[in-house]
Structure formats: C-alpha cells, structure tokens
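Peer 1: Any chance you could fold what I've pasted below:
(chains A and B)
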There are 2 protein chains.
Amino acid sequence: MNNMILASSSSVHGSGYLVYLHEALKELFSGSKQVLFIPYARPGGVSYDTYTSRVVKGLQFLNVEVRGLHQFSNPVKALEEAESVFVGGGNTFVLVDALHKQGLFPVLKSKIEAGMPYLGTSAGSNICGVTMQTTNDMPIVKPQSFETLQCLPFNINAHFIPTDSQSTHQGETRETRIKEYHVFHDTPVCGLQEGSWLRLKNKEIVLKGDLPAYVFEAKSPVSQWKPETVFQSNEGV
Amino acid sequence: MNNMILASSSSVHGSGYLVYLHEALKELFSGSKQVLFIPYARPGGVSYDTYTSRVVKGLQFLNVEVRGLHQFSNPVKALEEAESVFVGGGNTFVLVDALHKQGLFPVLKSKIEAGMPYLGTSAGSNICGVTMQTTNDMPIVKPQSFETLQCLPFNINAHFIPTDSQSTHQGETRETRIKEYHVFHDTPVCGLQEGSWLRLKNKEIVLKGDLPAYVFEAKSPVSQWKPETVFQSNEGV
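Peer 2: Purely as a prediction, here's the structure:
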C-alpha cells in the first residue's frame, strides 16, 4: 500500500527548493490537507524552526498546512495521527539517531504500510532503505542502530555521481565505496542521481526524472535502471 | 615523544603508491629494520594479503622487512613488539571496528607515546584524531565506538577538497559537513589536502607538502594552516 516519493535531492542546480518536484507532489499530496514535516536531519545544522519555515515556504504551492514534528509535545501521537509526512534531507546519522531515540521508526513504518503519503529527500530517502549504510554523510553522531525503514528491497545512495574518469582526486569514487559495502553485505544499492526520484505506489517502484539510476548488487556488474521503468533486481528477485 | 607521519592520501595524481613521501619515509624509518603493516582498512575490499603485498612493494625503496599484522597469531603481542607501524588507508569504519574488536587501540597508543615511528595514510591518519567522526567513508560496518587514538588535539578530514564555487552538485560540500559536525562537537578539524601530511615529532605538529590545510574550529571562521609551520589553534590553545 506504499504511496511514496523518494527523491535524491530537494533541488536541482539552478532551481528553487522542491521546484522540480512540483507536479509530482501535487499528485502525492492531492488528498492531504496537512503535511507533517520531520526536520531532524538539520541540514547545515539549522534549527528545527528554521528548517520548518523553509518547508512551509517550499510547499506553499500546495493547499496544505505544514507543521514541524518538533512542535508537538507527543511526537509519537502526532505521527500516528498524521495525514501525510515529509522527511527532509540533511545529515542521515543525525536523523536516524533522533528517530531511534524517540521510537519513531515503527510508527512511521506502520503509517507508510497503511498507505500514508510520504515524501523523502536525500537523508529522508536514505532512511527508506534497508539500512543507512550507504549514506555519504559524516558520522557526526552515533545512532543506536543503522537499521532503517526497509520500505525498499535495497539501500539508497542519494546524490549519486557516476565515476569521472578525468578526476585527479585520489579519494574513493562513489562506485568504489558501494563496492566496499558489498564486501560485507548483500543488500542491493540504488545510486540515485540528482533530479531523479522513486515513485512507490502499491508494490511497484518506478524511477522518475530524466537520468538513469545505477543498481549495484553483490557479485554482479553494475546495471542501469532506466527512467519510467519498474525496479527489477539483476537476480530477478 | 610522538614520531609520526600522517598523510592525507597514499599517493598523488600521476605518481605511484607512497612515491611522493619517499624522502619523508626514509627519515621516519631510518632506525627501523622492520615495519608492521596494519591492513585492516581494506581499500576497495581487498584481502589483507593483497593489501600487504602492495605495501611490501611500496616500501621496497627502504631497507626494511614488512609484515602484515594479520600474519601473527597474537596481534596484541606483535604490536607490542613492533619496531614501527604503518596503518594504511581504506574504509575508516572497517579499520576502527577491527582495532576495537582486537583491543589494539590502547597498545597502539602506548607504543606511539613511547616514540615508535608511525605512518598513517588516509584512514590510518584519521584514527590519530580525537574521533573518526569527520571521515568521508561509508558506514559499511558499525564500530563499537567512534573514539580513536587521540594523538592529535583535533580530528582529521583526509582527502580534503576546498569548496568549488562552480560546482552544480547539490550534495553537501566538505566545508558544510564539517560545520555540521561543529553543531554537535567542539573538537577542531583539520582538512588535509592530498599531497599534504603532518609531521609529529615530540610535541610539535608541522604541516608538510605544498598546500595549506584548513582548520575548522567551533564558532570560529575557518583558517588556513601554512606548510612548514607548527599547528596553532585559532583560540591559542
């Protein structure tokens, strides 16, 4: 019963906050009068209030009321009663730490499975994978667990960049990092480029946007996932 | 009594493994007949044997015997008896996890404090900071603690790249990530560019190589640390 949009990033170069997603969000939130915003990822360390204000403005094109989860004295109850949810980007460790500490993962998961509209951008998309272990973020806090919502049969790597053969930088490429992950784990990883998003409806996962995604599976060569097509594992799982 | 070289990377563009460090390593290891190599960071997921072979070749210009720590049945004892140590780069989470599991941090720290020559590259340099919380690596395993050797009064960010104002990528810059770290912690962070290394001798830390390092301190503007000068905190600590 999933009804989700999981975006690689909240904006694309040269365009405002969430603007490239406007049409998709009109559809996702068409039945919603309220959107509950979870500001816990704190991009750039901004306060919950500042982040929520940015989202209120960013969703002004919709006819919805936006409130931050931090404004409620009982976050579990607020989430249980939410019509729809947006989890914004920032630092995935900070986000996962806060969600675990407040016991919000099981509540969020059960709401999503019941069909509540969910929008995630960047860190808010990462947490829909099996674990957060393919984030690009710095481990600035230590969550009690790396496990996340498991709404997807794979992990996400947001802001994915294909390997640049012209680069002179000696740090690991994104592809190398994901291959290192597969030395320890079998969970597939979806490298989602900026401007791309996943549309989950019922049991289908469709790639949206103009660019292909890259699907990494343990012991298999990387494959491209084409826009407007449904996710399929290399192994046909 | 520290006697260390902590390099941002093991190579620079267009040059072979460790080549840019040859002169510095001749001095560091001048009194050593043996170098104990710790291959636990497994760059690209390579095996301990493969990684150690690479290092044997990379240190052939020195008159030293190189052995991998994994070749010893008692790693604690092997480390206690080591003449000098090289901790290679790879994934910092994987490295820190293995060192914690084998109880090697206290042994390594006491050897370093007793003046044993130590070479670190990338992840092997990161672990000399206060914590590993400013690594760029993916959290592909979960170490029991993020605390590291604390041979430095700051954390390292290896492979540091100054912000590129021309970039169209929407992912966080390195500077943004480090500033997010400072929302939660006061430990200074040294952004060490490729081709740069720190020379610790006695109580002094000197920046080596041609490029400046970037010093980030909580609640202070970023400052540049010039090559051939001694580390000084912005706060004069």
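Peer 1: What are the boundaries of the helices in chain A?
Peer 2: Per DSSP state H, chain A carries helices over the ranges A:22-28, A:48-58, A:75-80, A:92-101, A:105-113, A:123-126, A:174-184.
Peer 1: which one in chain A is furthest away from the centre?
Peer 2: What lies farthest from the middle of chain A is residue A:168; by Cα atoms, centre = their mean that is 30.1 Å.
Peer 1: who's in contact with the nearest residue to that one once chain neighbours are set aside?
Peer 2: Spatial nearest neighbour of residue A:168, chain neighbours left out: residue B:13 (3.8 Å); criterion: Cβ to Cβ, 6 or more residues apart in numbering or on different chains. C-betas here are computed from N, CA, C, even on glycine. Residue B:13 sits next to A:168, A:169, A:170, B:194 when contact means Cβ atoms under 8 Å, 6 or more residues apart in numbering or on different chains.
Peer 1: Just the buried ones from these?
Peer 2: Buried members of these, scored by 16 or more other Cβ atoms under 10 Å in any protein chain shown, are A:170, B:194.
Peer 1: and the contacts of residue B:13 as TSV, adding pLDDT and distance to residue A:208?
Peer 2: Output for the contacts of residue B:13, formatted as TSV (pLDDT from 0 to 100; distance: Cβ to Cβ, whole Å):
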residue	pLDDT	distance to residue A:208
A:168	79	34
A:169	76	30
A:170	74	35
B:194	95	37
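Peer 1: so which of the contacts of residue B:13 comes closest to residue A:204?
Peer 2: residue A:169 (37.8 Å; Cβ to Cβ).
Peer 1: you'd agree residue A:34 is up against residue A:63?
Peer 2: No. If you go by Cβ atoms under 8 Å, residue A:34 and residue A:63 don't touch, sitting 10.6 Å apart.
Peer 1: ok, these two, which is more surrounded?
Peer 2: A direct count of neighbours by other Cβ atoms under 10 Å in any protein chain shown for residue A:34 and residue A:63 places residue A:34 higher, at 14 against 11.
Peer 1: dump the residue contacts of that one.
Peer 2: With Cβ under 8 Å, 6+ apart, residue A:34 has these contacts: A:64, A:65, A:66, A:67, A:82, A:83, A:84.
Peer 1: picking up where we left off before, just the helices of chain A: most buried one?
Peer 2: Highest mean neighbour count of these: helix A:123-126, a mean of 28 (counted as mean count of other Cβ atoms under 10 Å in any protein chain shown).
Peer 1: From the contact counts, what lies against that helix?
Peer 2: Contacts defined by 3 or more Cβ pairs under 8 Å, 6 or more residues apart in numbering or on different chains; DSSP states H and E place helix A:123-126 against strand A:2-7, strand A:85-87, helix A:92-101, strand A:155-160.
Peer 1: So for chain B, which of the ones you listed sits nearest?
Peer 2: strand A:155-160 (3.6 Å; Cβ to the nearest Cβ).
Peer 1: any residue of the closest one up close to chain B?
Peer 2: Yes. Counting by Cβ under 8 Å from any Cβ of the partner chain, chain B has neighbours in strand A:155-160: A:158, A:159.
Peer 1: Counting neighbours, what do you get for residue A:29?
Peer 2: 21.
Peer 1: one step back: with distance to residue A:119 and mean pLDDT added, can I get the helices and strands packed on helix A:123-126 in a markdown table?
Peer 2: Formatted as a markdown table, these follow (distance: least, Cβ to Cβ, whole Å; pLDDT from 0 to 100):
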| stretch | distance to residue A:119 | mean pLDDT |
| --- | --- | --- |
| strand A:2-7 | 5 | 97 |
| strand A:85-87 | 4 | 98 |
| helix A:92-101 | 14 | 98 |
| strand A:155-160 | 14 | 96 |
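Peer 1: what's residue A:52 in contact with, if anything?
Peer 2: Contacts of residue A:52 (Cβ under 8 Å, 6+ apart): A:37, A:39, A:66, A:67, A:68, A:70, A:71.
Peer 1: Check these and tell me the two furthest apart.
Peer 2: So, those by Cβ to Cβ: farthest apart are A:66 and A:70, at 12.6 Å.
Peer 1: Residue A:80 reaches residue A:116, doesn't it?
Peer 2: No. If you go by Cβ under 8 Å, residue A:80 and residue A:116 don't touch, sitting 10.3 Å apart.
Peer 1: returning to that earlier point: got a quick PyMOL command for the buried subset of the contacts of residue A:52?
Peer 2: To isolate the buried members of these in PyMOL, using 16+ other Cβ under 10 Å:
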select buried, chain A and resi 37+39+66+67+68+70
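Peer 1: and the nearest residue to residue A:163 once chain neighbours are set aside, what is it in contact with?
Peer 2: In space, and not counting its chain neighbours, residue A:163 is closest to residue A:173: 4.6 Å by Cβ to Cβ, 6+ apart. When contacts are counted by Cβ under 8 Å, 6+ apart, residue A:173 touches A:163, A:164, A:167.
Peer 1: okay, now the second one: neighbour count?
Peer 2: In this case it means residue A:164. For residue A:164, using other Cβ under 10 Å, the count is 10.
Peer 1: Nearest to chain B, out of the contacts of residue A:52: which one, please.
Peer 2: residue A:39 (13.5 Å).
Peer 1: can you give me phi and psi for the residue nearest to residue A:163?
Peer 2: Main-chain dihedrals, residue A:173, degrees, to the nearest 10: phi -70, psi 170.
Peer 1: Check what pLDDT it gets.
Peer 2: What the model reports as pLDDT for residue A:173 is 86.
Peer 1: Same question for residue A:234.
Peer 2: On the pLDDT scale, residue A:234 gets 61.
Peer 1: try residue A:81
Peer 2: 98.
Peer 1: How many neighbouring residues does it have?
Peer 2: 12.
Peer 1: What of residue A:116?
Peer 2: With other Cβ under 10 Å as criterion, residue A:116 counts 20.
Peer 1: Residue A:45: which of the contacts of residue B:13 is nearest?
Peer 2: Nearest member of the contacts of residue B:13 to residue A:45, counting by Cβ to Cβ, is residue A:169, at 25.8 Å.
Peer 1: Return the residues in contact with the closest one.
Peer 2: B:13, B:159, B:161, B:194.
Peer 1: quick one: it and residue B:193, what's the gap?
Peer 2: 10 Å (Cβ to Cβ, to the nearest Å).
Peer 1: Between these two, which contacts overlap?
Peer 2: B:159, B:161.
Peer 1: Contact partners for the residue nearest in space to the middle of chain A?
Peer 2: Nearest to the geometric centre of chain A sits residue A:125, at 0.6 Å (Cα atoms, centre = their mean). Counting by Cβ under 8 Å, 6+ apart, residue A:125 touches A:6, A:7, A:8, A:89, A:156, A:158, A:192, A:197, A:198.
Peer 1: Fine, thanks again, bye for now.
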